[in-house]
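Below: sequence and its predicted model.
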Protein chains: 2
Amino acid sequence: MQFQVLQRAAGSEARLGELCTPHGAIRTPVFMPVGTRGTVKSLTPEELYALGAEIILANTYHLWLRPGAEVVKAQGGLHRFMHWERPLLTDSGGYQVFSLAQSSQVREEGVTFQSHLDGSRRFLTPEKAIEVQEALGADIIMCLDECIPYPASDEYTSEATERTIRWARRCQGAKMRTDQALFAVVQGGTSSELRCLCAEQLVEFDFPGYAIGGLSVGEPREAMLAAVGAVLPRLPAERPCYVMGVGAPEDLVDLVGLGADMFDCVLPTRSARTGQLFTRHGRIVIKNSRYQEEDAPIDEGCTCYTCRHYSRAYLRHLFLNKELLAYRLNTIHNLWYFLELMREMRRAVAAGTFGEFRREFYRQRQHHSE
Amino acid sequence: MQFQVLQRAAGSEARLGELCTPHGAIRTPVFMPVGTRGTVKSLTPEELYALGAEIILANTYHLWLRPGAEVVKAQGGLHRFMHWERPLLTDSGGYQVFSLAQSSQVREEGVTFQSHLDGSRRFLTPEKAIEVQEALGADIIMCLDECIPYPASDEYTSEATERTIRWARRCQGAKMRTDQALFAVVQGGTSSELRCLCAEQLVEFDFPGYAIGGLSVGEPREAMLAAVGAVLPRLPAERPCYVMGVGAPEDLVDLVGLGADMFDCVLPTRSARTGQLFTRHGRIVIKNSRYQEEDAPIDEGCTCYTCRHYSRAYLRHLFLNKELLAYRLNTIHNLWYFLELMREMRRAVAAGTFGEFRREFYRQRQHHSE
């Protein structure tokens, strides 16, 4: 995997880059739609290509439990299993073990937990996280980390951060495949000191990319921005930086301004399924009765498939009736919104107008449609 | 609307035809996917075009109750509301009033019933059925008929059949729009005598097309074939004949052999959502554990999008996880199977080989895959 910074913005840390993987190149800053169980909910790969998705993320925890890493491997790996031909990233499974599984217990060796599906006992170690991710075969894989909840004691935060560093070293040692890039994950909770310490130690191990994890877990937005702001200058400028699990459109704009390169979040896809649709002016709730007879599309200026062909009245009708097409058309629109936002930011960095872009982005949000 | 019989098969009544509507021509025999609430569940119109769907059906009852005929009309009619640019047929609402609504009571004037959605009292008359269908604006609309359950007494069957004839006359009288073709519906239960009487009386009113209704309501398959076999010779050969709500692939093959031209059925779409997939050799149940690691597509010989790109193992994984993409990929396959079956029959009639086609169709079904 190769990463190249092509251009830097004036007046901010925003930067344009290119990440080359065995399944093609990605332009950064990039947003990665989430395909939890090997499918971005409701969409085909061809639709994702049409939306301009360059890389998607799948969750190791879910695929490990069902259908199992060996089943996916026997089918030729996750790319072939899910018919996705572009770059793919898998997380380590750590986040779900701490947030979704039951009775998680952390020891130095790894984490024991019970599957949320059938209660079966499982044991996830740094070595196992790598083994499963090598079976899945994504282009970018992640070190097992310990996701620290918010709030957390200083003592626990420090312990978990230290363990995350030791686990990263073990992951690096366990890695066998040479066609996958392993990223380390910076933890440290809301402590800038611990975040910086963690980043500096991980950088010594020389990973091809770095992620900032443990964000969007309930902390104030300012704490999230502060954590990223503290860590980014400690990471090597020639390596990609991935802010995990973030975020809202405002977060993406501000984090790109701080110099982050990669993002993933379930927000556009999950909101689509609950009928919350993104527009330049903010979110709208499609089941609202005011849309019953509204002939206009979700967002007048949007050129996505949904906005080109369907009215708010029709989308409301589909959503109220729980029609499967509702989730699809909403997902297409929301992902287009997020991916288009990233394209606009890349264009602005390339044109040297990122500051103007950011001001205009916030100005439009003052005109809420709801 | 114009209908032309282009070719007749030798050795059976199967025929190839062309039906011209304001939204384009349809080749018959034709299968119409069902788009109950103004959406063929999970699919876009573009996907339906790619599957070769030439006409779809929507249910007046559902659209009348929600979002309401006036809402659809204000949006420019059902074609525009749902972004469907090809021919469209609406039923009269009668079938759902008798099968889905609560406390239905039939009088000469019409049927009172309670909405299955909110219990509100409604009154459907022949005139109202036309008014609603004119607001929706389909190319082909249907007379209000009384769907006779199976079994039913001779007395009730006779009364309901007579009423259906009188209602057909009233529908014809109520019709205002000249760009829609109104089809009459032949009832008569399992009585060949009543079926023929009904057909003969309706033919006197000179409708542009005729349907045979009240089938697939629990009667034996032989009774269904006998009813169609009795009615078809009584209908004018130069008008299209539509067998409503039927059926399984075997039914379609046999009914085409009797001379029927149009069909609709929820079987391919509903089965897709319950994981039952059609193949040349019969149906398979995708959640079956035998498919856990099966790399083969649903049907080796099938060229649909789903079979070209996804294994049974992946489809099983999606279905077990209730992933939205499961319903879509299954629906694409099942509709392709039905629409391809119709194309094969049309080709066979054109080539004068319908008899051979039918023998081969049944021969392949002897090799069940489950």
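Nice, thanks for sending it over.

The stretch 151-300 of chain A against chain B: which residues are in contact?
Neighbours of chain B within the stretch 151-300 of chain A, by Cβ under 8 Å from any Cβ of the partner chain: A:292-293, A:295. For every residue, glycine as well, the C-beta is placed using N, CA and C.

could those residues go into JSON lines alongside secondary structure and neighbour count?
Shown next, in JSON lines, are these (DSSP: H, G, I helix; E, B strand; the rest coil; neighbours: other Cβ atoms under 10 Å in any protein chain shown):
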{"residue": "A:Gln292", "secondary structure": "coil", "neighbour count": "16"}
{"residue": "A:Glu293", "secondary structure": "coil", "neighbour count": "16"}
{"residue": "A:Asp295", "secondary structure": "coil", "neighbour count": "14"}
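
wait, which of those is closest to B:Thr157?
For those, the residue nearest B:Thr157 by Cβ to Cβ is A:Gln292; the value is 42.0 Å.

Test my guess that that closest one contacts B:Ala74.
No. Between A:Gln292 and B:Ala74 there is no contact under Cβ atoms under 8 Å: 9.9 Å.

quick one: low-confidence parts of the stretch 251-370 of chain A?
Residue ranges of the stretch 251-370 of chain A with pLDDT under 70: A:368-370.

got the residue ranges for the strands in it?
Counting by DSSP state E, counting those that start in this stretch, residue ranges of the strands within the stretch 251-370 of chain A are A:262-264, A:276-279, A:282-285.

mind giving me CSV with these and columns for distance to B:Asp251 and mean neighbour count?
Compiled in CSV, the strands of the stretch 251-370 of chain A are given as follows (distance: least, Cβ to Cβ, whole Å; neighbours: other Cβ atoms under 10 Å in any protein chain shown):
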stretch, distance to B:Asp251, mean neighbour count
strand A:262-264, 49, 24
strand A:276-279, 42, 22
strand A:282-285, 44, 17
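
Tabulate these (TSV), appending distance to A:Gly119.
Output for the strands of the stretch 251-370 of chain A, formatted as TSV (distance: least, Cβ to Cβ, whole Å):
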stretch	distance to A:Gly119
strand A:262-264	28
strand A:276-279	33
strand A:282-285	36
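
between the ones you listed, which one is nearest to B:Tyr310?
Judged by Cβ to Cβ, the one of these that comes nearest to B:Tyr310 is strand A:262-264, at 24.1 Å.

ok now the closest one, how far from the chain's centre?
With Cα atoms, centre = their mean, to the nearest Å as the basis, strand A:262-264 stands 4 Å off its chain's centre.

Pull up the pairing partners for it, direction included.
Neighbouring strands of strand A:262-264 in its sheet, by DSSP bridges, are strand A:30-32 (parallel), strand A:241-243 (parallel).

highest average neighbour count across these?
Scoring the strands paired with strand A:262-264 by mean neighbour count under mean count of other Cβ atoms under 10 Å in any protein chain shown gives strand A:241-243 as the most buried, with a mean of 27.

still on that earlier bit, can you redo the strands paired with strand A:262-264 as JSON lines, where the extra columns are mean pLDDT?
JSON lines is the format used below for the strands paired with strand A:262-264 (pLDDT from 0 to 100):
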{"stretch": "strand A:30-32", "mean pLDDT": "98"}
{"stretch": "strand A:241-243", "mean pLDDT": "98"}
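
Among those strands, which comes closest to A:Asp251?
Across these, A:Asp251 has its closest neighbour in strand A:241-243 (8.3 Å, Cβ to Cβ).

who's in contact with the closest one?
The contact list for strand A:241-243 (Cβ atoms under 8 Å, 6 or more residues apart in numbering or on different chains) reads A:183, A:209-212, A:215, A:228, A:232, A:235, A:255, A:259-264.

Doesn't A:Ala184 lie inside a strand?
Yes. A:Ala184: assigned to a strand according to DSSP: H, G, I helix; E, B strand; the rest coil.

Quickly list what it is bridged to.
A:Ala184 forms beta bridges with A:Tyr210, as assigned by DSSP bridges.

What are the neighbouring residues in contact with it?
By Cβ under 8 Å, 6+ apart, A:Ala184 lies in contact with A:143, A:168, A:171-172, A:202, A:205, A:207, A:209-211.

Could you report the pLDDT at it?
Predicted confidence (pLDDT) for A:Ala184: 98.

From chain B, how far out is it?
Per Cβ to the nearest Cβ, to the nearest Å, A:Ala184 is found 30 Å from chain B.

same check, this time on A:Gly68
Using Cβ to the nearest Cβ, one gets 9 Å for the distance from A:Gly68 to chain B.

Can you get me a residue count around that residue?
By other Cβ atoms under 10 Å in any protein chain shown, 16 other residues sit near A:Gly68.

And for the one 10 residues further on?
Using other Cβ under 10 Å as the criterion, A:Leu78 is surrounded by 23 other residues.

Quick check: it vs A:Trp84, distance?
Distance of A:Leu78 to A:Trp84, computed by Cβ to Cβ, to the nearest Å: 7 Å.

cool, and A:Ala181?
As judged by Cβ to Cβ, A:Ala181 and A:Trp84 stand 17 Å apart.

give me the residue from the stretch 251-370 of chain A nearest chain B.
At 3.8 Å from chain B, A:Leu324 is the closest residue in the stretch 251-370 of chain A, using Cβ to the nearest Cβ.

That residue: neighbour count?
Around A:Leu324 there are 20 residues (other Cβ under 10 Å).

quick one on the thing from earlier: what's the closest of the residues of the stretch 151-300 of chain A next to chain B to A:Leu43?
For these, the minimum distance to A:Leu43 (Cβ to Cβ) is 26.0 Å, reached by A:Asp295.

Name the member of the contacts of strand A:241-243 with the most neighbours.
Per-residue neighbour counts (other Cβ under 10 Å) across the contacts of strand A:241-243 peak at A:Ala211, which has 31 neighbours.

Can you give me the neighbour number for A:Tyr61?
The burial count assigned to A:Tyr61 is 27, neighbours taken as other Cβ under 10 Å.

For it, give me its contacts.
A:91, A:93, A:95-97, A:100-101.

Could you list which of those residues belong to strands?
Taking DSSP state E, every one of the contacts of A:Tyr61 sits outside strands.

Buried among those? Need that as a selection in ChimeraX.
Selection of buried members from the contacts of A:Tyr61 for ChimeraX, criterion 16 or more other Cβ atoms under 10 Å in any protein chain shown:
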select /A:91,93,95,96,97,101
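
Make TSV out of the contacts of A:Tyr61 and add distance to chain B and pLDDT.
Listed next are those as TSV, based on distance: Cβ to the nearest Cβ, whole Å; pLDDT from 0 to 100:
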residue	distance to chain B	pLDDT
A:Asp91	18	98
A:Gly93	17	96
A:Tyr95	19	94
A:Gln96	14	95
A:Val97	19	93
A:Leu100	14	90
A:Ala101	17	85
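
which one among the contacts of A:Tyr61 gets closest to B:Thr36?
Of all the contacts of A:Tyr61, B:Thr36 sits closest to A:Leu100, with 35.4 Å by Cβ to Cβ.

what separates the residue nearest to the spatial centre of chain A from B:Gln201, distance-wise?
Nearest residue to the geometric centre of chain A (Cα atoms, centre = their mean): A:Asp264, 1.3 Å. Separation of A:Asp264 from B:Gln201 (Cβ to Cβ): 66 Å.

got it, and A:Leu315?
45 Å.

Ok, A:Leu51 next?
Separation of A:Leu51 from B:Gln201 (Cβ to Cβ) stands at 56 Å.
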